[in-house]
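Q: Quick one: sequence plus predicted model below, questions after.
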Amino acid sequence: LNKIVHTLHTTKLFIIHLLHTMASTANSSPPGFCKFAIPKKGRLYEKVTELLKGAGIKYRREPRLDVAICKDLPITLVFLPASDIAKYVGEGNVDLGITGTDIVEESNVKVDHVMDLGFGKCKLCVQAPVSKGITDVSSLAGGRIVTSFPFLTERYFRVFDEKMGVKTKVTEVSGSVEAACGLGLADAVVDLVETGTTMRAAGLEVVADVLTTESILISNPHSEHKEIVQLVKRRIEGQITAQKYVMVSYNIPNIKLEAALTITPGKKSPTITPLYDQDYMAVSCLVENNEVAQKMDELHELGATDILTFQLANTRM
């Protein structure tokens, strides 16, 4: 009986060790793969996963794991808090990452700015209570500032501190920054402003802008995966272009072609093809999504016919 108990206990320990080893292996990157950090949750996570899907970067993320292996590319996606990504990229723990300009600046690390992504745009602002009517940000120097961006805040106020011979007290908090003034903990706060709804609800207003930010693609300057970085860049550029433009096609009389091309000059240049009817030309070109309805109206009024639009799935320019 003792031997059976011992055998069962040994088997149990082996199974626990095996499961732990399997979990550790599953939550790691294969040797030689490019490591690509993306936000693990929130609105930025949703935007990024949608972008990667459109760019053909396919993967499957298992529950409770923070890594995923891409299907057709030697890339391991690493899911991290957005606030940590710049540091991981800068220190070389991962090769590539998506985060905000504000996070890169706050982390104070050296990374290569590969490209802007066009979403997550907002501003880092000095905000003070509306009731105080502060219009000159220098009047806050030497006061109490609460923020989630202590490095950027101290750097911003340092100019005023040195000029006025004071020391601004900057206190770091991880959340609910806008509540600090109402609780009497701060004279002003430095926080991100997108729509301003949260700021106004807290009785605050913008006194000065510190930084304009948006989501960007960054890489480690010393990464060994330069080709993969450029491949990812091309794919994302192609997807962004596909989201921004539609293809417009129409037929136009030869005598009106020049006027039509002033309406639709295309991204680089339109494609012009002769028709069987020698009095007409067929034109195809890219038009920005937010302009397409107006362009179609103008072409119709000019005399264009068979005006069609085509959505783009992806592009390479």
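A: Structure received.
Q: so how far does stretch 62-75 reach from one end to the other?
A: Criterion C-alpha to C-alpha, to the nearest Å; first-to-last residue distance in stretch 62-75 is 16 Å.
Q: show me the contacts for the residue nearest the centre of the chain.
A: For the chain, the residue nearest the mean C-alpha position is residue 215 (2.7 Å; C-alpha atoms, centre = their mean). Contacts for residue 215 (C-beta atoms under 8 Å, 6 or more residues apart in numbering) come out as 44, 47-48, 98-100, 116-120. For glycine as for every other residue, the C-beta is placed from the backbone atoms N, C-alpha and C.
Q: How many neighbouring residues does the closest residue to it other than its chain neighbours have?
A: In space, and not counting its chain neighbours, residue 215 is closest to residue 120: 3.7 Å by C-beta to C-beta, 6 or more residues apart in numbering. Look at residue 120: counted by other C-beta atoms under 10 Å, it has 23 neighbours.
Q: Same question for residue 61.
A: By the criterion of other C-beta under 10 Å, residue 61 has 14 neighbours.
Q: Look at it and report its pLDDT.
A: You'll see residue 61 listed with a pLDDT of 86.
Q: The chain should start at 54 in everything you say after this.
A: OK, 54 is where the count begins now, so the last one is residue 114.
Q: Tell me, how many residues neighbour the nearest residue to it once chain neighbours are set aside?
A: Once flanking residues are discounted, residue 114 sits nearest to residue 121: 4.1 Å by C-beta to C-beta, 6+ apart. Neighbour count of residue 121, defined by other C-beta under 10 Å: 20.
Q: cool, residue 272 as well?
A: Look at residue 272: counted by other C-beta under 10 Å, it has 25 neighbours.
Q: my guess is it contacts residue 282, does it?
A: Yes: contact between residue 272 and residue 282 holds when scored by C-beta atoms under 8 Å: they sit 4.8 Å apart.
Q: Quick one, grab the pLDDT at the closest residue to residue 331 other than its chain neighbours.
A: The spatial neighbour of residue 331 that comes closest, neighbours along the chain excluded (C-beta to C-beta, 6+ apart), is residue 307 at 8.0 Å. pLDDT for residue 307: 97.
Q: Check the one 4 residues further on too.
A: Here, the pLDDT recorded for residue 311 equals 96.
Q: neighbours around it, how many?
A: Residue 311 has 9 neighbouring residues, counting by other C-beta under 10 Å.
Q: Against residue 354, how distant is it?
A: For residue 311, the distance to residue 354 equals 16 Å [C-beta to C-beta, to the nearest Å].
Q: same thing with residue 272?
A: Distance, residue 272 to residue 354, by C-beta to C-beta: 48 Å.
Q: Need phi/psi at residue 313.
A: Backbone torsions for residue 313, taken as degrees, to the nearest 10, come to phi -70, psi -40.
Q: how about the nearest residue to it, chain neighbours excluded?
A: Spatial nearest neighbour of residue 313, chain neighbours left out: residue 305 (4.6 Å); criterion: C-beta to C-beta, 6+ apart.
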